[in-house]
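Chemist: My questions concern the predicted model and sequence given below.
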Amino acid sequence: MTATLYFSDLMAPDAKAVARGLRRRDPDLLDRLIEQYQYRLFRYLFYLTGHQETAEDLFQETWIRVLERGHQYDGHSRFETWLFAIARHLVIDLTRRKNPQSLEALTDADQPFQPEAGGPSALDLVASGETAARVQTSLGRLPAVYREVLLLRFQEELRLEEISSILDTPLPTVKSRLYRGLDALRELFAEEPQ
């Protein structure tokens, strides 16, 4: 059995050192963590909310929570797993305040996710041309529960166990959402005009 090594593993600081630093409220550590995770966290929040201003507000709130609740991080899991769980819960809280339902309930196919206009999206920066536009459109039309799992797995390169922890969902459910999301994305992509 071979161990899979992810790029994020190479870049991740030692989880126990991060836990100690967060308990001390080390400002240098927080600066390094923000620098390391800012793009991924913002991209995740943007794709969940579809609005740049909302994603920016939640981005700030996530880091405030990290600072305030850093003593709760024990270093047993990767920091990014804990970080994305905080961000996800903030999105759920915001969604419930606006509309009393959970993120999982945002699967209405009649109201597809529409990213805010103005500036290139994360997918546009990674890919180019018509295919990127088709992928982005197809991804935006997916129900939130599938879109979120696909983003965490393929864009954030998180392992299924980490996604399960972030979503507070059993691993078989995560796997099911991933496979169903991929199938739905394939179908939507095939429907997009070329």
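Modeler: All right, it came through fine.
Chemist: May I ask which helix or strand of this protein has the lowest mean pLDDT?
Modeler: Every helix and strand of the chain was ranked by mean pLDDT, DSSP states H and E. The lowest is helix 7-11, at a mean of 41.
Chemist: any idea how far L171 is from L150?
Modeler: According to Cβ to Cβ, to the nearest Å, L150 stands 16 Å off from L171. Bear in mind the C-beta positions are built from the backbone N, C-alpha and C, glycine included.
Chemist: just checking, what packs against the host helix or strand of E80?
Modeler: Here E80 sits within helix 79-98, counting by DSSP states H and E. When contacts are defined as 3 or more Cβ pairs under 8 Å, 6 or more residues apart in numbering; DSSP states H and E, helix 79-98 packs onto helix 27-49, helix 52-68, helix 160-167.
Chemist: How much space separates L152 from L41?
Modeler: Applying Cβ to Cβ, the value for L152 to L41 is 12 Å.
Chemist: any residues in contact with both of these two?
Modeler: Common contacts of L152 and L41 (Cβ atoms under 8 Å, 6 or more residues apart in numbering): F84.
Chemist: coming back round to it: could you dump the helices and strands packed on helix 79-98 to a markdown table with mean pLDDT and distance to V135?
Modeler: Formatted as a markdown table, the helices and strands packed on helix 79-98 follow (pLDDT from 0 to 100; distance: least, Cβ to Cβ, whole Å):
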| stretch | mean pLDDT | distance to V135 |
| --- | --- | --- |
| helix 27-49 | 90 | 13 |
| helix 52-68 | 92 | 20 |
| helix 160-167 | 91 | 20 |
